[in-house]
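>>> Need a 3D model of the following:
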Amino acid sequence: MTVKVKVCFEKVPGCEDIPVPRYLTLGSAGMDLCAAVDEPVEIPPGEIKFIKTGLKISLPAGIEAQIRPRSGLALKYGISLVNTPGTVDADYRGEIGLIVINFGKAPFTVNRGDRIAQMVLNQVVQGELVEVECLEETERSSGGFGHTGVR
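Next up, the predicted model:
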């Protein structure tokens with residue numbers, strides 16, 4: 001069952017033409033975020049650019065927005081986000097910005113209104129850290145980073 005929450009938004013002045021994020025299919029988990037660049041921005045291979053979205057949001061308490069790459073841009077052009085997933089906290093009211101990186105082999109151009117990332121809403125769980133003398137042992141224990149092998 002899909003849970004719906006009300007997310008208020010405000011467009012940054014001068015960004016009235018930027019499409020509002022929306023779900024493109026009934027089963028979509030993410031809403032596309034569009035670029036609010038004033039002119040085309042070229043991102044050479046291996047470089048990072050900050051791309052504004054022209055969007056501010058107000059999330060309900062207990063909800064976060066995760067900002068993720070779009071899979072088609074990643075597969076076709078090597079475009080991703082440096083801090084993926086990025087997090088928009090419920091108490092943040094500034095413009096959503098994207099830290100875009102080009103892992104591809106060719107320059108990539110971001111144009112005004114391009115769908116450049118996606119936003120997925122999630123419930124937040126806050127933990128309470130409790131210091132102990134010794135952690136409980138497990139079968140895995142401290143094995144990490146490939147300790148189970150490839151096959």
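>>> longest strand of this protein?
For the chain, the strand that runs over the most residues, judged by DSSP state E, is strand 48-58.
>>> What is the next helix or strand after that strand packed up against?
The element immediately downstream of strand 48-58 (helix or strand, assigned by DSSP states H and E) is strand 63-68. When contacts are defined as 3 or more CB pairs under 8 Å, 6 or more residues apart in numbering; DSSP states H and E, strand 63-68 packs onto strand 86-88, strand 95-102, strand 115-123. Bear in mind the C-beta positions are built from the backbone N, C-alpha and C, glycine included.
>>> buried residues in the last one?
Of the residues in strand 115-123, those buried under the neighbour-count criterion (16 or more other CB atoms under 10 Å) are 115-119, 121.
>>> just stretch 42-56 next, same as before
Buried, per 16+ other CB under 10 Å, within stretch 42-56: 43, 49, 51-56.
>>> wait, which of the helices and strands packed on strand 63-68 is closest to residue 17?
Closest approach to residue 17 among those (CB to CB): strand 115-123, 14.2 Å.
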